[in-house]
Structures are given as C-alpha cells and as structure tokens.
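Novice: What shape does this take:
(one chain, ligands or ions: 2)
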Amino acid sequence: MELALLINQFNIKGRLVTLVPFGNGNINDTFLAVFRNTFTETQVILQRVNRSVFTQPEAIMRNMHNITLHCHEKLEADAKTDRDDRVWQMPRIIRTKDGADFVTDENGDVWRVITRILSAHAFDTAQSPEHALECGAALGHFHYLVSDMDPDSIQDPLPGFHVTSGYLAQYDETLMCATAREILGASMEAKRLAKYIEERREFAVSLEKAEASGELCKRMFHGDPKVNNIMIDDFTGKGTAMIDLDTVSPGLMHVDVGDAVRSICNPAGEEELNLGKVTFDENLFLAFMKGYLKEAGSFMTDAERAYLYDAIRLLPFELGLRFFQDYLAGDKYFKVRQPGQNLNRARVQFRLCEAIEARERSIREILAKL
Ligand code: GN1
Ligand code: MG
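Specialist: Ligands and ions are numbered 1, 2, ... in the order given. As a prediction, this is how the structure comes out:
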C-alpha cells in the first residue's frame, strides 16, 4: 500500500505535505510525516514494525499501549507538583480513525503512528559531558517511571534478548554452517574477532549467574537505551524523553546502564571505520553516571552497584557478538547499507570492550566514589 494512503488511515488533523525516511534505527522502518492546515502543523512518526525481529508485532503494540498509559498518567500527576525545571515527555500512540492502535497492511506488516517529541533531538554520539549527564538523567528518570509497572502487563517482546549465553549458542550454531565458516576463513580480521570471543566465554555469563543465584533481580528496563534513543531539548539542552519503547520489559537495570554507557562513552560512535578513534571516555562516563544516579540512585541496591563494572564490560561484548554472528549468517537481523558493515560494527564494539578492560581499575574507582 502507498505510504500516503496508509498514514491517512490514522486520525491526524490537516493535509499530508511531507513523508520522508527518518532516523538511523537498525531494525524498524521509520518515517517523518508532516501535516499542515491553514494555521499550524503536526509532525508525527510513522513506523513499520520489523516482523522478522518482532515476530508478534501485535504484542509489541499491546505492550506499547500499556507502557505509555502507565507512564503518561504518572508524568501528568508529577507535572502538577513537580518543581523540576523541565518537562519530561514520552511519545503517544496516535490511533486510527477507527480507534485502533495500528494498521495491518496487505502483507501482514504492522504500521503505527506516534507523536514526535518536538523541539528536541537525539544524537548518534555524545556531544559533551553535559549531554552525557542528561542522557543519564533521562535513563534514570525512565527507570523511575516504569519502576512500579506491573511486569505481567508486558508480553516478552524478544525472548532471549540480552541473554548473552543465548547469543553464544546462536553464534556456535551459525559456525556449524559451511557458508559462515567460509566467510570466517576468508578474513584475518574475522578470525581475530572469533578468537576474541573464545577468550571471553566464561565472563560472558557473569550477570546470568548472579541472576540465577538471586543476587540480582529483574525490574522493568528499556532494553535499548543507546544515545540516539534519548531526546534532548533543543532550547535547554536537557534530557526530555526516552524513545524506542519496543523492548521495554522485565530485565536487569545493569543491562540498560551497560548499553547506554557503551554508546555514550565511545565518542567515535558505532559505525567508526578507524579503530584508533574508538575509546572509552572516562569524563563522559562520570557525567553519565552522575546524571543516572541523581534520578535512580535511591532505588539501586548494593548488589546492583557491585555488578555495574561487569555490565559495562559485557554490553559492548554482547553487541559485538550479535553483529559478528549476523555478519557470518549473512546480515539477516541488523540492517546494512554496505557489505561488511556488521563486521565493522563488531570490530568497534570489541575494541571498546578492550578499552574498558584496560581501564578496569579506574572505572571501578569512579564507581566506588559515586
Ligand atoms: C538495534 O533499532 P535500534 O537501532 O534502536 C538493536 C539494539 C542494538 C542497536 C545497536 C531490537 O537498535 O539491541 O543495541 O541496534 N535493537 C534490537 O545499534 O535488536
Ligand atoms: Mg530499537
């Protein structure tokens, strides 16, 4: 179906004047749509949910309905008494003219429309320590927002998401396939990454072990809090919203902190080709943690604090492993614009993981002082 016909099924005032691809997401297809009438304009986000990743897109939409309902009520109640110098926001689902949360097209694809957070932007890399601090505050505030949600109101959006042992098993399975072994055999760099993985199998399950022993417990988490999912107010420079709510579900808060840190503290970003530029910036890290703890420090347990370093080391490793497995499997999961892109993404994450390992002592010192 033509996109313009599709979006006109949603209840949006005005006439459609622009519909263009938007953002840098690796999974869903995202468009910006602008509607105008004689005195104002409305900007919304149109998205096709990636069905090969989210195999139950209707469940994703039910989750989003429940999450936004819960958080909007809380945001509105807080706004009445809040003396904070900012307004926290969250996108809202725009319904169809028939009152549904989404449209299913003739191919069975699920399309949704959500509000755009206006006068705010997300960046692909951290711009400054102040920006990192605001990212921390936004994630911490998000954890506060979802902290009292009923986990049973959420259906697991991606079973096994952020279970590193599962990704190792998937990687091993991929390597059983002859074409994957050929791809691996053809590149020195790929062989180097394979060795890197082998040396870290034991460490890769440390958080899973802590969870199994009861030291760490799941709470509601975001699942994908990378820097370009955190909206910053254009006028004040303050964090205002977390977007991309598809993976919000019960999970370890460490995973969120680790994932945000791996994307914020590497100023070169996820697509850097020159590995020499990939580093772990301790100033950005300190700023991020300060912002996070200001909003979420009060409900973080000692055990959670004790495992933060492991999470910070694990998340770039896990993402590197996911990119590398996808490269060997023929780029089936993450969108690529050129061949070898997933291999390079894996190189970046593993280099970042190395940089973190080299700075273990000072990272632990920073954490201990917070
Ligand atoms: C994917 O869709 P996007 O780009 O926000 C991925 C994350 C990765 C991220 C890396 C559901 O997120 O887990 O960290 O790419 N999301 C899913 O850029 O797999
Ligand atoms: Mg996402």
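
Novice: and Ile27, what does it touch?
Specialist: For Ile27, the contact set (Cβ atoms under 8 Å, 6 or more residues apart in numbering) comprises Asn50, Val53, Asp246, Phe334, Lys335. No exception for glycine: its C-beta is placed from N, CA and C like everyone else's.

Novice: so who does the first one touch?
Specialist: Looking back up the chat, that one is Asn50. Ile27, Asn28, Asp29.

Novice: now the helices: where do they sit in the stretch 51-200 of the chain?
Specialist: Under the criterion DSSP state H, counting those that start in this stretch, the stretch 51-200 of the chain carries helices at the ranges 57-81, 129-146, 164-175, 178-185, 188-198.

Novice: For the nearest residue to Glu41 once chain neighbours are set aside, pull up the helix or strand it's in.
Specialist: Nearest residue to Glu41, sequence neighbours excluded (Cβ to Cβ, 6 or more residues apart in numbering): Val34, at 5.9 Å. Using DSSP states H and E, the element containing Val34 is strand 29-36.

Novice: on contacts alone, who are the packing partners of that strand?
Specialist: If you count contacts as 3 or more Cβ pairs under 8 Å, 6 or more residues apart in numbering; DSSP states H and E, strand 29-36 packs onto strand 15-21, strand 41-48.

Novice: how about the residues of the stretch 51-200 of the chain near ligand 1?
Specialist: Residues of the stretch 51-200 of the chain lying close to ligand 1 (Cβ under 6 Å from any ligand atom) are Val53.

Novice: quick one, phi/psi of the residue of the stretch 51-200 of the chain found nearest ligand 2?
Specialist: Proximity of the stretch 51-200 of the chain to ligand 2 (Cβ to the ion) peaks at Val53, 9.0 Å away. When read as degrees, to the nearest 10, the backbone of Val53 gives phi -90, psi -60.

Novice: How about Thr40?
Specialist: phi -160, psi 180.

Novice: ok, which stretches of the stretch 201-350 of the chain are helices?
Specialist: Using DSSP H, counting those that start in this stretch, helices in the stretch 201-350 of the chain cover 206-212, 253-264, 282-296, 302-306, 308-329, 341-358.

Novice: Give me the residues contacting the shortest one.
Specialist: Which is helix 302-306. Against helix 302-306 from outside (Cβ under 8 Å, 6+ apart): Ala210, Glu215, Leu216, Met253, His254, Leu367.

Novice: hmm, which of those residues are the buried ones?
Specialist: Ala210, Leu216, Met253, His254, Leu367 (16 or more other Cβ atoms under 10 Å).

Novice: For the last one, I want the exact helix or strand it lies within.
Specialist: When elements are defined using DSSP H and E, Leu367 is found to belong to helix 360-369.

Novice: Would you mind getting the angle between that helix and helix 341-358?
Specialist: Put simply, helix 360-369 runs at 70 degrees to helix 341-358, going by axes from the mean of the first three to the mean of the last three Cα atoms, to 10 degrees.

Novice: Give me the three-state assignment for the residue located most distally from the centre of the chain.
Specialist: Largest separation from the mean C-alpha position in the chain: Thr38, at 37.6 Å (Cα atoms, centre = their mean). Classification of Thr38 using DSSP: H, G, I helix; E, B strand; the rest coil returns coil.

Novice: Distance of it relative to Gly14?
Specialist: 9 Å (Cβ to Cβ, to the nearest Å).

Novice: With Cys71 instead?
Specialist: Counting by Cβ to Cβ, the gap from Cys71 to Gly14 is 27 Å.

Novice: who's more crowded, these two?
Specialist: When Cys71 and Gly14 are compared for neighbours, Cys71 comes out ahead with 20 against 14, by other Cβ atoms under 10 Å.
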